[in-house]
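**Student:** sequence? don't have it. structure:
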C-alpha cells in the first residue's frame, strides 16, 4: 500500500498558530497531526508514503527523519503546486505509483473499516488474502477516483456531492457521484487514486484535483460513505476544540497511538 500526504500548505486558517510551525506539526493529544496520519497508514499496512513540503518544510523533514515504520520520501515545492500539481510532481520525483491513498494531515480519521478493504492489488482486483467484508475493489478502476464522503452539515457553504442513483452505496460498493450545490455529502479529504489520473497534469504547474474530478463526475467519479468519525482540525476554532481533548478519541486509539509513538520517539504518553 502506498500513500500521498499533502503537507505543503501555508496553514493560513490557523492564523497565529502556524506563524512559526507548519500545520502538520501542530499537536493533538500532544502528538503532531502528521503523526496521527502516519499512525493510520501504519495500522493499515502502508509500505510507502510521499510527502510534499513547502512552508517550513525543513521542520517536517527533521521531525520525520527517524520515522521507523515504512519508507517516506519528500518533495520540495519552491512555490505551491496545489493538489494536482503536487501529486503529479511526487509521481515524477518519488516512488509513488499505481494506486495510492491521498490524505490531508489536518483531518484525524477514526475508521471502522480497514483501508485494505478498498485497496486493489497490482491487477486492480481485490487481494484474495483480505476478508471480503465490503464488496468495493471490484468497482475501482484506474481512471475512476474513489472519494470518501461524509454527511454535509446543515448550512455548510461548501459545494456538496450526491450519488447519481438511489441505491445504497453502503451495500453496493462505491457508486457514481456528481457535484451538486445541494448535495448531502462532502469530501472527507481521503481518496484512493491512481497514477494514470495524473498523466496529463504538468508536475511544475499549479493545479487542483477538484477540477479533474468535476470533469470525471457523472461517469468516472466514485464515492463511498466514510464509516467512522472524522475530526477535522483544518481551522483554528476546530483545532482548539479538539486540542488535548482525550474524550474525542476512543481509548483503544489512544493506547495504540501510545505504542506507536513509543517505538518511534520514545514518548508513549499522549496528553
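**Tutor:** Perfect, thanks for sending it. Nothing here was measured: the structure is a model prediction, and the numbers come from that model. Residues are numbered from 1 along each chain as shown.
**Student:** tell me the contacts of the closest residue to residue 182 other than its chain neighbours?
**Tutor:** Excluding the flanking residues, the one nearest residue 182 by Cβ to Cβ, 6 or more residues apart in numbering is residue 160, at 6.3 Å. For glycine as for every other residue, the C-beta is placed from the backbone atoms N, C-alpha and C. Neighbour list for residue 160: 152, 179, 180, 181, 182, 183, 184, 185, 186 [criterion: Cβ atoms under 8 Å, 6 or more residues apart in numbering].
**Student:** what pLDDT, on average, does the helix or strand encompassing residue 178 get?
**Tutor:** Element membership of residue 178 [criterion: DSSP states H and E] is strand 175-180. Strand 175-180 carries an average pLDDT of 92.
**Student:** for it, packing partners?
**Tutor:** Applying 3 or more Cβ pairs under 8 Å, 6 or more residues apart in numbering; DSSP states H and E, we find strand 175-180 packed against strand 160-163, strand 222-225.
**Student:** so which of the ones you listed gets nearest residue 37?
**Tutor:** strand 222-225 (19.6 Å; Cβ to Cβ).
**Student:** each with direction, which strands does the closest one pair with?
**Tutor:** Strand pairing for strand 222-225, using DSSP bridges, gives strand 146-151 (parallel), strand 175-180 (antiparallel).
**Student:** dump those to a markdown table, plus distance to residue 260 and mean neighbour count.
**Tutor:** Shown next, in a markdown table, are these (distance: least, Cβ to Cβ, whole Å; neighbours: other Cβ atoms under 10 Å):
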| stretch | distance to residue 260 | mean neighbour count |
| --- | --- | --- |
| strand 146-151 | 22 | 21 |
| strand 175-180 | 33 | 18 |
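**Student:** now the ones you listed as JSON lines including distance to residue 101?
**Tutor:** Shown next, in JSON lines, are the strands paired with strand 222-225 (distance: least, Cβ to Cβ, whole Å):
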{"stretch": "strand 146-151", "distance to residue 101": "10"}
{"stretch": "strand 175-180", "distance to residue 101": "18"}
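**Student:** of those, which is nearest residue 241?
**Tutor:** strand 146-151 (17.2 Å).
**Student:** who's in contact with the closest residue to residue 68 other than its chain neighbours?
**Tutor:** Ranked by Cβ to Cβ, 6+ apart and with sequence neighbours excluded, the top spatial neighbour of residue 68 is residue 264, at 5.7 Å. Taking Cβ under 8 Å, 6+ apart, we find residue 264 in contact with 35, 66, 67, 68, 69.
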